[in-house]
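Chemist: task: produce atomic coordinates for the following.
(chains A and B)
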Amino acid sequence: SAVISQKPSRDICQRGTSLTIQCQVDSQVTMMFWYRQQPGQSLTLIATANQGSEATYESGFVIDKFPISRPNLTFSTLTVSNMSPEDSSIYLCSVGQAHQGPQHFGDGTRLSIL
Amino acid sequence: SQELEQSPQSLIVQEGKNLTINCTSSKTLYGLYWYKQKYGEGLIFLMMLQKGGEEKSHEKITAKLDEKKQQSSLHITASQPSHAGIYLCGADSPGTASKLTFGTGTRLQVTL
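Modeler: Prediction:
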């Protein structure tokens, strides 16, 4: 399976600032996704990162708050903008091939906002 | 939208004991995936089930999908401390380009 590198692994940020999380895959993949896992909760899909076009956001998530880039088939970024303590979560990227097999996940970014 | 309910929410078992985790869907499952998450880390893929009645095993873990494709179970035989973590079931639906909906999770502790 693909090797996924997610950076940073953790960060502590100040309220009102923004942080960009990177997800790098060692092979080309069709699908890349970003999930959020709030403390003690399961995973919630934020958006599907589309190569060369705007991401597709799930209900409750907006581009102004979570801008996503995907310039090619191996790389994507998620920015968490204007952070507040409610954004303290683990953010995970996952990759897969459309309609083929499972998604594989990066190690996640543990984000704490003071 | 699809909802996945897992039971139990948490489980403490003694090393060497067997255990079962259940995942029940509000809709017919198209594809069902089991993942394990170590605390605060990423998800490790365990198994994928797609056909009614399907059963897969890897080492001491067996996953099953019922004939009606609305319930799956994950069974661990002779549990070990390395099995500790959070187990998550995930499901995708036709036409959603592999988007996953995740279950509520089961936290497993294995005591010595």
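Chemist: tell me which stretches of chain B form strands.
Modeler: For chain B, the strands defined by DSSP state E cover B:4-7, B:10-14, B:19-25, B:31-37, B:43-49, B:55-58, B:61-65, B:71-76, B:85-92, B:101-102, B:106-111.
Chemist: what do you get for chain A?
Modeler: Under DSSP E, chain A gives strands at A:4-7, A:10-13, A:19-25, A:31-37, A:43-49, A:56-57, A:68-72, A:75-80, A:89-97, A:100-105, A:109-113.
Chemist: so which of those strands gets nearest B:His83?
Modeler: The closest of the strands of chain A to B:His83 is strand A:100-105. By CB to CB, the value is 18.7 Å. For the C-beta atoms, the positions are set from N, CA and C on the backbone; glycine is no exception.
Chemist: what about the closest one, average pLDDT?
Modeler: Mean pLDDT, strand A:100-105: 87.
Chemist: buried set for that strand?
Modeler: Buried positions in strand A:100-105, judged by neighbour count with 16 or more other CB atoms under 10 Å in any protein chain shown: A:102-105.
Chemist: closest to B:Gln71 among those residues?
Modeler: A:Pro102 (19.3 Å).
Chemist: okay, the strands of chain B in a markdown table with distance to chain A next?
Modeler: Converted to a markdown table, the strands of chain B look like this (distance: least, CB to the nearest CB, whole Å):
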| stretch | distance to chain A |
| --- | --- |
| strand B:4-7 | 9 |
| strand B:10-14 | 11 |
| strand B:19-25 | 11 |
| strand B:31-37 | 5 |
| strand B:43-49 | 4 |
| strand B:55-58 | 12 |
| strand B:61-65 | 12 |
| strand B:71-76 | 14 |
| strand B:85-92 | 6 |
| strand B:101-102 | 4 |
| strand B:106-111 | 9 |
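Chemist: for the ones you listed, give me JSON lines that also has mean pLDDT, mean neighbour count and distance to A:Cys13.
Modeler: Shown next, in JSON lines, are the strands of chain B (pLDDT from 0 to 100; neighbours: other CB atoms under 10 Å in any protein chain shown; distance: least, CB to CB, whole Å):
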{"stretch": "strand B:4-7", "mean pLDDT": "96", "mean neighbour count": "18", "distance to A:Cys13": "32"}
{"stretch": "strand B:10-14", "mean pLDDT": "98", "mean neighbour count": "13", "distance to A:Cys13": "30"}
{"stretch": "strand B:19-25", "mean pLDDT": "97", "mean neighbour count": "19", "distance to A:Cys13": "35"}
{"stretch": "strand B:31-37", "mean pLDDT": "95", "mean neighbour count": "23", "distance to A:Cys13": "23"}
{"stretch": "strand B:43-49", "mean pLDDT": "95", "mean neighbour count": "20", "distance to A:Cys13": "24"}
{"stretch": "strand B:55-58", "mean pLDDT": "96", "mean neighbour count": "12", "distance to A:Cys13": "39"}
{"stretch": "strand B:61-65", "mean pLDDT": "97", "mean neighbour count": "20", "distance to A:Cys13": "37"}
{"stretch": "strand B:71-76", "mean pLDDT": "98", "mean neighbour count": "20", "distance to A:Cys13": "36"}
{"stretch": "strand B:85-92", "mean pLDDT": "95", "mean neighbour count": "24", "distance to A:Cys13": "25"}
{"stretch": "strand B:101-102", "mean pLDDT": "93", "mean neighbour count": "22", "distance to A:Cys13": "26"}
{"stretch": "strand B:106-111", "mean pLDDT": "97", "mean neighbour count": "17", "distance to A:Cys13": "27"}
